[in-house]
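A.B. asks: give me a model of this one.
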Amino acid sequence: MKYKSQGLTAAAAAAAVMAGLLSGGCSAATGASAPPVEKHDLTVGAVPVADSAALYIAQQRGFFKAAGLHVKIVPVVSAATAIPGQLAGKYDVVLGNYVSYVLADAEHGDDFRVLAPGAAEAPGDSVLVVPHGSPIQSVADLRGKTVAINALNNIGALLVTSMLSDYMMGPKADHITFKAVPFPAMTHALVTHQVDAAMMFEPFATEAEMDGAEEVADADAGSTQNLPIAGYMVTKSWERKYPGTAAAFQHALQEGQDIASVSPLAVYKGLETFAKIPAATAEIISLPSYPLVNNALSLQRIPNLMLNLGMLNHGFDADQMLH
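C.D. replies: This next block holds a predicted model:
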C-alpha cells in the first residue's frame, strides 16, 4: 500500500475548509429558516472504514452537539446487514454502500434517500489482496477461487465482478465463489486459507498488507474509477417525520465532510478515535475522495453498472434517491 500525498498546503487546505464551511448550508447559520429539531438522540450505523470520516470528524469536533444532536455511532458489518435494522427503527442514519441500497429500493421498494454523500473511489482505497506467496498474480487467476467480501451483493461484489469483466470473466461462468467475511476477520481468513483473495477497504487493506498480504488489483480503475461508494442513507418516511433533525444532521455532517476533503490528518484522527485504528496504521493508509455534493449523473453509474454486470434485473433511476 503506497501512502498517497494529498498535495495541499496548509494554507490552501485552511482556505478550502473555510469556503466549504461558509457554503455548506446556510439554514443552520440563519436559524430562522431552519425547522426545529424534532429528535435529538440519533443512532448512526457505520462500517468502521475510511468512508465514514465525515461522521467521525463531526462527532469529534462537536458539530452534531452544536446542531442540537446527540449522535451515537454504532459499528456495523455492512449496509446489507444494517438495512433490516434501519427499516425497523434501530438506526436513524446509516453510512452504507450504494449497491445495497439500490438493491433494497429496486427489489423491495424500501424508498431510501441519500441524505449526504460519503465517499468515492480513489487510488488504493479498495483493493483486491491475496496471501503472501499466493499463485494468484492477477484477476485472471481467480478462476475457481473463493473471494471474501464483507457482505454478499454489495459494493465489494460489484467491484470484483467489474474487475472480472475486464478479463471477459464472471463469477458464475468462471466458478468464482463470494464468501461473506467481516472486514476485521479478512486477514485471518486469508492467512488460514479460508479464502483465496479478499476485496478490502482501508484501513483494513493496509493492515492486511502489513501482515504480508499482497495487492493484486486496485478498484479505482476502468469502469469503477472515481465510482461513488457510499452515502449517508435515511428512509424517506424518517425524513418526512423529522425534517428539522435531518437538516441539522446534514449541516453538521457537511462541516465534517468539508474538513475530510482537505485534511487527511483530521481523517486519521477520526479513524484512530472511532474505528480504533492504531496511529501507525491510520497515518499511512490511502484515502477515498469525499464528495461535497450529491451528483445524480455520478450516482447513476451504480445501477447502470449493476445492470450491465447482472446484479440488477431492470434499470433503476438513481435520481429518485436524491429527492
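A.B. asks: from residue 102, how far off is the nearest residue to residue 106 once chain neighbours are set aside?
C.D. replies: The shortest distance from residue 106 to any non-neighbouring residue, by CB to CB, 6 or more residues apart in numbering, is to residue 316 (4.6 Å). (C-beta placed from N, C-alpha, C; glycine too.) For residue 316, the distance to residue 102 equals 6 Å [CB to CB, to the nearest Å].
A.B. asks: can you check residue 45 too?
C.D. replies: 18 Å.
A.B. asks: what does residue 240 give?
C.D. replies: Residue 240 sits 21 Å away from residue 102, taking CB to CB as the criterion.
A.B. asks: these two: which is more packed in?
C.D. replies: In terms of neighbours (other CB atoms under 10 Å), residue 102 is the more surrounded of residue 240 and residue 102; the figures are 22 against 11.
A.B. asks: list the contacts of that one.
C.D. replies: Residues near residue 102 by CB atoms under 8 Å, 6 or more residues apart in numbering: 302, 303, 306, 312, 316, 318, 321.
A.B. asks: which SSE is it in?
C.D. replies: Using DSSP states H and E, residue 102 falls within helix 98-108.
A.B. asks: circling back to that earlier point, need the overlap of contacts for residue 316 and residue 102.
C.D. replies: Residues touching both residue 316 and residue 102 by CB under 8 Å, 6+ apart: 303, 306.
A.B. asks: quick one on the thing from earlier: quick check: buried residues in the helix holding residue 102?
C.D. replies: Buried residues in helix 98-108, counted by 16 or more other CB atoms under 10 Å: 98, 99, 100, 101, 102, 103, 104, 105, 106.
A.B. asks: swap in stretch 135-150?
C.D. replies: For stretch 135-150, a neighbour-count test (16+ other CB under 10 Å) marks 136, 139, 141, 142, 145, 146, 147, 148, 149, 150 as buried.
A.B. asks: so for it, mean pLDDT?
C.D. replies: The average pLDDT for stretch 135-150 rounds to 97.
A.B. asks: can you list contacts of it?
C.D. replies: By CB under 8 Å, 6+ apart, stretch 135-150 touches 47, 77-78, 128, 130, 156-157, 160, 163-164, 166-167, 169, 174-183, 186, 189-190, 194-199, 201, 216-217.
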